[in-house]
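Chemist: The sequence and its predicted three-dimensional model are supplied below.
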Amino acid sequence: MSEEMEIARQWLAKARNDLLNADNNLASKEIPCDTVCFHCQQAAEKLLKAYLIGNGLVPPLTHDLLLVLEQILPLNKEAEKLRDPLAILMPYAVEIRYPDGWYMPTEADAREARKAADQVLKWLENVLSPLFQ
């Protein structure tokens with residue numbers, strides 16, 4: 001296994017932990033919806049960066065999912081289908097973590113964010129299956 005693929009697997013493992021955190025919180029009696037949304041955004045970001053690393057590229061130092069997507073598109077045009085799920089997750093990167101301009105996402109928002117993150121995971125499973133072996 002290449003060094004890049006090993007590093008990409010580490011990013012995948014971190015993304016899966018974010019998804020586990022989101023799932024555990026969604027199953028709780030009191031759902032911290034902002035936390036769920038944040039972890040879904042983080043998972044998607046790590047999954048996209050795992051793709052870039054697995055393809056020998058250095059990911060950008062950004063939380064902007066659409067900027068990361070733009071780096072993926074020359075390698076995989078089908079990644080365009082991720083634009084809408086990534087747009088759903090974008091507000092949860094930074095703004096939601098701080099009380100300035102703060103708002104609390106609803107449970108519906110949290111479930112939508114989890115679904116969007118799952119779309120990114122499934123895309124990665126399809127386009128970089130060796131990462132999952």
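Modeler: Yes, it's here. Numbers count the residues shown, from 1 in each chain.
Chemist: Now do the helices in this structure.
Modeler: 3-26, 33-54, 65-72, 83-89, 107-127 (DSSP state H).
Chemist: Now the shortest one: buried residues?
Modeler: What that stands for is helix 83-89. Pro85, Leu86, Ile88, Leu89 (16 or more other C-beta atoms under 10 Å). All C-beta atoms are positioned from the backbone trio N, CA, C, and that covers glycine.
Chemist: Can you report how many residues lie near the nearest residue to Asn76 once chain neighbours are set aside?
Modeler: Among residues not flanking Asn76 along the chain, Val127 sits closest, at 5.8 Å (C-beta to C-beta, 6 or more residues apart in numbering). When neighbours are defined as other C-beta atoms under 10 Å, Val127 has 16 of them.
Chemist: Was I right to think Val127 contacts Tyr51?
Modeler: Yes - the pair Val127 and Tyr51 passes the contact test of C-beta atoms under 8 Å, sitting 7.0 Å apart.
Chemist: Name the residues contacting each of the two.
Modeler: Shared contacts of Val127 and Tyr51, defined by C-beta atoms under 8 Å, 6 or more residues apart in numbering, comprise Asn76.
Chemist: The residue lying closest to Pro32 once chain neighbours are set aside - how many residues pack around it?
Modeler: In this structure, Pro32 finds its nearest non-sequential neighbour in Asn25, 5.7 Å apart by C-beta to C-beta, 6+ apart. Neighbourhood size, Asn25 [other C-beta under 10 Å]: 19.
Chemist: swap in Glu6?
Modeler: Residues near Glu6, counting by other C-beta under 10 Å: 11.
Chemist: re earlier: tabulate the helices of the chain in TSV, adding columns for distance to Asp100 and mean pLDDT.
Modeler: What follows is the helices of the chain, written out as TSV (distance: least, C-beta to C-beta, whole Å; pLDDT from 0 to 100):
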stretch	distance to Asp100	mean pLDDT
helix 3-26	23	98
helix 33-54	14	98
helix 65-72	21	98
helix 83-89	20	98
helix 107-127	19	98
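Chemist: Could you save these as a markdown table and add columns showing distance to Gln133?
Modeler: Formatted as a markdown table, these follow (distance: least, C-beta to C-beta, whole Å):
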| stretch | distance to Gln133 |
| --- | --- |
| helix 3-26 | 9 |
| helix 33-54 | 12 |
| helix 65-72 | 21 |
| helix 83-89 | 25 |
| helix 107-127 | 11 |
